[in-house]
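*Asks:* Return atomic coordinates for the entry below.
(4 chains)
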Protein chains: 4
Amino acid sequence: MKIGTQAQRTSAISASNAETIVVRGRDLCADLIGVVTFTDHAWLLVTGQLPDAAQRRVLDATLVAIAEHGLVPSVAASRMTLSAAPEALQGAVAAGILGCGSVILGSADAAARLFTAILARAANESLEVSTRAVLGEMRAARQPIPGFGHPLHKRQDPRVTRLLAVAAETGTAGRNLEVARLVERLVPEIVGKPLAMNVSGAIAAVLLDAGYPLLAIKGVPMLARTAGLIAHLLEEQQRPIGFVLAHEGSAAIGYDGRRPDGFVPGEG
Amino acid sequence: MKIGTQAQRTSAISASNAETIVVRGRDLCADLIGVVTFTDHAWLLVTGQLPDAAQRRVLDATLVAIAEHGLVPSVAASRMTLSAAPEALQGAVAAGILGCGSVILGSADAAARLFTAILARAANESLEVSTRAVLGEMRAARQPIPGFGHPLHKRQDPRVTRLLAVAAETGTAGRNLEVARLVERLVPEIVGKPLAMNVSGAIAAVLLDAGYPLLAIKGVPMLARTAGLIAHLLEEQQRPIGFVLAHEGSAAIGYDGRRPDGFVPGEG
Amino acid sequence: MKIGTQAQRTSAISASNAETIVVRGRDLCADLIGVVTFTDHAWLLVTGQLPDAAQRRVLDATLVAIAEHGLVPSVAASRMTLSAAPEALQGAVAAGILGCGSVILGSADAAARLFTAILARAANESLEVSTRAVLGEMRAARQPIPGFGHPLHKRQDPRVTRLLAVAAETGTAGRNLEVARLVERLVPEIVGKPLAMNVSGAIAAVLLDAGYPLLAIKGVPMLARTAGLIAHLLEEQQRPIGFVLAHEGSAAIGYDGRRPDGFVPGEG
Amino acid sequence: MKIGTQAQRTSAISASNAETIVVRGRDLCADLIGVVTFTDHAWLLVTGQLPDAAQRRVLDATLVAIAEHGLVPSVAASRMTLSAAPEALQGAVAAGILGCGSVILGSADAAARLFTAILARAANESLEVSTRAVLGEMRAARQPIPGFGHPLHKRQDPRVTRLLAVAAETGTAGRNLEVARLVERLVPEIVGKPLAMNVSGAIAAVLLDAGYPLLAIKGVPMLARTAGLIAHLLEEQQRPIGFVLAHEGSAAIGYDGRRPDGFVPGEG
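*Replies:* A predicted model of the protein is given here:
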C-alpha cells in the first residue's frame, strides 16, 4: 500500500557495481580504506565531505567523551539482554541503543536545537535578550533545560572542561559555545538554581561550531555508545553480571498491590 | 528472582567519582579526550590497552570497509522504521543493528571462529591437513563456509584486496590470513565451486592477526554500520524514501492464499 | 549513578513465592490459567480488574482489527531482519515493533489524546464548540488530525464500520465515539477536504468508551501486531521473501550523488 | 543487491483492496472482527485455520501462564529503556522482547524441538529407548535440558500443574506430554539430579499436542510477554522505577579494573 507522498526516489550516499564501491562520490577502496580514519569516514558519510584536521579532532573528542560511563541504564539493559539471549549479540546492542532517548543520551540533540533556536532568534536582537526570552519560555512551560545539570557531576563535569579546551585548541569554538556559556550564566537567575553545562550540552556546542549538521547530532552519542556496549558485551560473555543486575534491581522494589489471603511474597 | 549462578559481581571497564571518570584504568579527561582517536578508544574499551599504530590502522581500515554498502536489507529496515516512527531515531538505528545477524554482517564473527578452529587443530598437524579436515566436515554437514562468496562481487571483492594490502603494509599479516588464503585455495576442490574471500572473511583475518579479540569481532561490523545508518537516517529525515522502499518491495509479492468468492486483491 | 528522583520503590503488578504467583491480586494458577482468556488477562494486567463481557468483546474486536494488514513497512522490516539474522526470532519481532510509531500504528494513541483533550475542554462549553476550537488550533499549527484519513481505504475503512457496530452491539458506545463522529463531520469544513475516520481513530474511541486507560492505548496495536508478526515470521522461515522485499525496494531507488569519472552504478 | 536465491515471490497471509481486507482467506470485517477472540485470531494467523474450542482454551492457558512473572530481566530492561527514552513506548517494548532469548523465554521453543526429536526417533524404537538416547547425547555434550528446572519453583512450578490439568480437561493431552513426563522421570538418573518440568516445557508439550506448529512456538511467550510489558510500561509512566532498578543493580557491582594513583570510585 502506498503511504504518504514520498516523491523522491533517489539516494546520494552510496552506489556500486561489481568492481567499484562508491561512498559519497569517492572510490571506497582506492580513496578511503587504509587512508582515512573511521572518524573521518563517519563525518564523510554524514556530510558528504571529509573533515579538516580540526573537525576530525573535535568529532574524535566528543565520541571519546561519551562512549562509556559505567553501568548506566542502557548498559544494564544491554547486559541483561545478552544474559537472556546470548545467541544474538546484535539484540543486546540494539537494547542498549534503545536507551539513547530524550532523557539520557539524546539530550545532546535537544541542546543543539536549543542553541540553534536561540541563535535564529538573535538575528533580530542581542544574544542575551534572545537567550533570556527562550529560557524564560521554557521555564514558563516547566521544560527542563537540555544540556545542563548532571546527577553525579554537579559542580563541573570534567568532560565539559576538556571538550571546551579541545574547541579552543582547534580554533573551532564559536557562536554555539558562546550561547552555551550564556545559558549556563543565566540559568541561576531564570531557573532559580545553578545547572552546570553537562557533557551533552558541550558536545552539542562544539560539534555545531565545528560544522557538524544539527540533524545528525543525535547519532553521535549512539555511535559512541555502541563502542562502549561492545566492550561491555565482551565482558558479559566472559564474566556475566546481567542476572545479578536484574536481581539486585528487582530486590529493591517491593510489591504494594493486592494479595490473596495469607500470601507472603518471596525474596524477589 | 535469582537466575543462574553469576557469582561474579565486578566489572573492569569504568569507574567514576564526582571529579574523575576512569575508563580501562586511564583518566578519561586527562588522558583520552582530545588525545586519542575514537578508533583508539574503541580498541582500548574492548582490550584494555591502547593499540599501536599498526593495530589502529587495521581497525580503521576494517571499520571504513564495512560501514556502508548502499540500501542493503538492514538499511532498508532502518529507513522504513524511521518513516513509521520519526520520533525515535534510536529505534531506527536499533532496527538496522538487528539486521547484523549470522547471514549478513555477522559472518565476520563466524569466519573468525572458523580460522581459530583451523589453527587450534593445526597444533598437531599441518595447516593444510587441518584446513582440509575442517572444511570437509563443514561440507559433509552442508554448512556454508563463512567469509567466502558474495552475491555482487563474485570474482573479487575490491575491499578484500585493499584490506589485505593494509595488513601487508602494517606488517600485521599473519597466520589467520594464511588460513584464509588456504581456505580460498581449497574451496573449489572441496565445495566444488570457487568462492572468493569476501569482506567478512578479510575483516576476520586481518583483525585476528592484529591482535583483536575473537569474542569482540562480531561488534566491529555493528560499530561500523552504525555510522552508515546515521548517514542514511539523516538523509531519510531530509529526503524520505522509507515508504517507497516498503511499497516497491510489497508490490513485488503476490498473494497466493485462499480468497473469498469474488475477491480481487488491489495493487498491493 | 542515581538519575532523577524516583522515590517510588514499589510495583503493584505481580509477586510470587515458591508455591504461588500473584498477578494483580489474583492467584495466577488457581484463578486465571485455564479460566480467563488472554484478552481478559491483558485487560487485567493493564487495569487491575477483569473486564466484563462487553469490555472483553470490544478489546477482542480492536485486537483482531489491527493485527494484520499485509506487507506494511513494519512487517517488511521484520521479515528482512529475520532473513539477515535467522538465529534471533525475537530480533525480527522487535524490529517490527519498532515500526509501531507515531505515523503508523501509534496514531490510535494520538487520536485518543485528541478525543480526551476535546472532552476535557467541553466541560465548559458545548462539544461542537470545543471540537471546532481544538481542530482549528491543530489546523493553524499545520498538524495532521490523528485517527482520520487512510491511503488505501479513502471512502470508508471497512474495519471502522465493524468496530462501531461492535460498540453499538455491546452498549459501550459513548462520548468518545460521539467526539470522533463530530470530528469526522467537521473536518471537511476546517481542513478543506473530507478525511474518513480510520481504524486508529475507531480503536481509540471504542476503547476509551469501554473504559480502557488512555496511557495504555498505544500498547494495543503493538500487542495485536505481534500476533501478525509471528505469522509472517513463521512464513518467512518456510517461504522466505525478506531479501526479495529489500532488493525490489532498493532497485526502485536511483543514485544521485557524486560519482568518480567513468563510474556506472550496477543494477542495485 | 540480490542476496540469496529466494525464488518465492508470494505470501499467503493477507490481501486487500479498497473495500475488503482478507486475512487467511476470510473477510476480516465480515467474519472476524467482533466474531472471534484475539486468541482465535492469533491461531488463525499462524495456522490458516480457526482453532476448535479445546485448542483455543489451550492457547489461552499458555498465554495467560507466561504473560507475567514480576521484574524479570526483560521487564527490568524494558522499564529502564522507557525511563531513558519516554518518547518511544515501542522502543521499550522492543527492548523487553529482545530479552525473550534462548536462555529465558525462548526455552519453550527448545523444549518443543527436544520433544519433536525424541518422537521422530521413536518411530523405530520404544519411546523410553529414544528418550534415553537423546538425553544421553545431550548430557554427553554437556547441554542443558530445555524445559526442565527453575530457579524459584524448584519442587514444582504451579503453572505446570495447571497447564497439564487444562490439557487433560480439554482432551488434548497426547504424545508430547507423554515425552515430557518421561524426560522428567528419567532426568534424575541421566543428569544426576531431579529437574522438574518448568512452564516452558509444559507450554511446549501442551501446544504441540493441541496441534500448534513447532516453528511458531517461540512466538507464544513473546506475544504473551508483550501484554505484560504493556502493563509494566503503563505503571512506569505513572510510578517510575526504571532508574531505581538500574541504580540498585549497578550499586551491587564493584570495579576491579586498574585505577589511576589515588582514585577512589564513588558510590556507583
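
*Asks:* near chain D, which residues of the stretch 51-200 of chain A?
*Replies:* Residues of the stretch 51-200 of chain A found near chain D (Cβ under 8 Å from any Cβ of the partner chain) are A:70-74, A:76-78, A:80-81, A:83-88, A:91-92, A:94-95, A:98-106, A:152. For the C-beta atoms, the positions are set from N, CA and C on the backbone; glycine is no exception.

*Asks:* how about the residue nearest the centre of chain A, what does it touch?
*Replies:* Per Cα atoms, centre = their mean, the C-alpha nearest to the average position across chain A is that of A:Pro221, at 2.9 Å. Applying Cβ atoms under 8 Å, 6 or more residues apart in numbering or on different chains, one finds that A:Pro221 lies in contact with A:66, A:100, A:105-106, A:108, A:200, A:203.

*Asks:* so which two of the residues you listed are the farthest from each other?
*Replies:* Across the contacts of A:Pro221, the longest distance by Cβ to Cβ is 12.8 Å; it joins A:Cys100 and A:Ile203.

*Asks:* So which of the contacts of A:Pro221 is the closest to A:Leu44?
*Replies:* Taking the contacts of A:Pro221 together and measuring to A:Leu44 by Cβ to Cβ, the closest member is A:Ile203, at 19.6 Å.

*Asks:* so what's the closest one up against?
*Replies:* Residues near A:Ile203 by Cβ under 8 Å, 6+ apart: A:62, A:65-66, A:108, A:111, A:163, A:217, A:220-221.

*Asks:* I'd assumed it was in a strand, is it?
*Replies:* No: going by DSSP: H, G, I helix; E, B strand; the rest coil, the assignment for A:Ile203 is helix, not a strand.

*Asks:* Next, work out how far apart it and A:Gly147 are.
*Replies:* 8 Å (Cβ to Cβ, to the nearest Å).

*Asks:* Find the residues that touch each one of those two.
*Replies:* With Cβ under 8 Å, 6+ apart as the test, A:Ile203 and A:Gly147 both reach A:108, A:111.

*Asks:* Tell me how many other residues surround A:Tyr212.
*Replies:* Taking other Cβ atoms under 10 Å in any protein chain shown as the criterion, the count of residues near A:Tyr212 is 24.

*Asks:* Phi and psi next, for it.
*Replies:* Per-residue torsions, A:Tyr212: phi -80, psi 140 (degrees, to the nearest 10).

*Asks:* Identify the spatial nearest neighbour of it, chain neighbours not counted.
*Replies:* A:Leu59 (6.8 Å; Cβ to Cβ, 6 or more residues apart in numbering or on different chains).

*Asks:* tell me the SS of that neighbour?
*Replies:* Taking three-state DSSP, the label given to A:Leu59 is helix.

*Asks:* Quick check: residues of the stretch 51-200 of chain A near chain B?
*Replies:* A:57, A:59-61, A:63-65, A:67-71, A:83, A:88-91, A:93-95, A:97-101, A:106, A:109, A:152-155, A:158-159, A:161-163, A:165-166, A:169.

*Asks:* Which among these count as buried?
*Replies:* Buried subset of these (neighbour count, 16 or more other Cβ atoms under 10 Å in any protein chain shown): A:57, A:59-61, A:63-65, A:67-71, A:83, A:88-91, A:93-95, A:97-101, A:106, A:109, A:152-153, A:158-159, A:162-163, A:166.

*Asks:* still on that earlier bit, so the residue nearest to A:Tyr212 sits against A:Leu207, correct?
*Replies:* Yes: A:Leu59 is in contact with A:Leu207 according to Cβ atoms under 8 Å; the separation is 7.1 Å.

*Asks:* residues shared between the contacts of the two?
*Replies:* Common neighbours of A:Leu59 and A:Leu207 (Cβ under 8 Å, 6+ apart) are A:Val220.

*Asks:* As a check, name the ranges of all helices in the stretch 1-150 of chain A.
*Replies:* Along the stretch 1-150 of chain A, the stretches classed as helices by DSSP state H, counting those that start in this stretch are A:38-47, A:53-66, A:73-84, A:89-97, A:107-121, A:127-140.

*Asks:* Is A:Ala165 in contact with B:Gly34, as I believe?
*Replies:* Yes: between A:Ala165 and B:Gly34 a contact is recorded at 6.8 Å, counting by Cβ under 8 Å.

*Asks:* Report the contact partners of the residue nearest to A:Tyr212.
*Replies:* Contacts of A:Leu59 (Cβ under 8 Å, 6+ apart): A:39, A:42-43, A:51, A:207, A:210, A:212, A:220, B:38.

*Asks:* Please produce a markdown table containing those, extended by pLDDT.
*Replies:* Formatted as a markdown table, the contacts of A:Leu59 follow (pLDDT from 0 to 100):
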| residue | pLDDT |
| --- | --- |
| A:Thr39 | 98 |
| A:Ala42 | 98 |
| A:Trp43 | 98 |
| A:Pro51 | 98 |
| A:Leu207 | 98 |
| A:Ala210 | 98 |
| A:Tyr212 | 98 |
| A:Val220 | 97 |
| B:Phe38 | 98 |
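
*Asks:* If you rank those by neighbours, which is first?
*Replies:* Neighbour max across the contacts of A:Leu59 (other Cβ under 10 Å) = A:Ala42, 30 neighbours.

*Asks:* Relative to chain C, how far out is it?
*Replies:* A:Ala42 sits 17 Å away from chain C, going by Cβ to the nearest Cβ, to the nearest Å.

*Asks:* before we move on, what about A:Ile190?
*Replies:* 21 Å.

*Asks:* tell me the contacts of that residue?
*Replies:* Counting by Cβ under 8 Å, 6+ apart, A:Ile190 touches A:132, A:135-136, A:139.

*Asks:* isn't there a strand covering it?
*Replies:* No: per three-state DSSP, A:Ile190 lies outside any strand segment and is helix.

*Asks:* Surely A:Thr170 touches A:Arg56?
*Replies:* No: with contact defined as Cβ under 8 Å, A:Thr170 does not reach A:Arg56; the gap is 9.2 Å.

*Asks:* so after the longest helix anywhere in chain A, what's the next helix or strand?
*Replies:* Using DSSP state H to define each element, chain A has its longest helix at helix A:219-238. Counting by DSSP states H and E, the next helix or strand C-terminal to helix A:219-238 is helix A:242-251.

*Asks:* what's the residue in the stretch 101-250 of chain A positioned nearest to chain D in contact with, if anything?
*Replies:* Using Cβ to the nearest Cβ, the single residue of the stretch 101-250 of chain A nearest to chain D is A:Gly101, 2.0 Å away. For A:Gly101, the contacting residues are B:88, B:90, D:81, D:84-88, D:91, by Cβ under 8 Å, 6+ apart.

*Asks:* out of the residues you listed, who's near chain A?
*Replies:* B:88, B:90, D:81, D:84-88, D:91.

*Asks:* any chance of those in CSV, plus distance to chain C and pLDDT?
*Replies:* Conversion of the ones next to chain A among the contacts of A:Gly101 to CSV gives the following (distance: Cβ to the nearest Cβ, whole Å; pLDDT from 0 to 100):
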residue, distance to chain C, pLDDT
B:Ala88, 6, 94
B:Gln90, 9, 97
D:Thr81, 11, 97
D:Ala84, 9, 94
D:Ala85, 12, 94
D:Pro86, 11, 94
D:Glu87, 9, 92
D:Ala88, 7, 94
D:Gly91, 7, 97
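
*Asks:* Thank you kindly, that will do.
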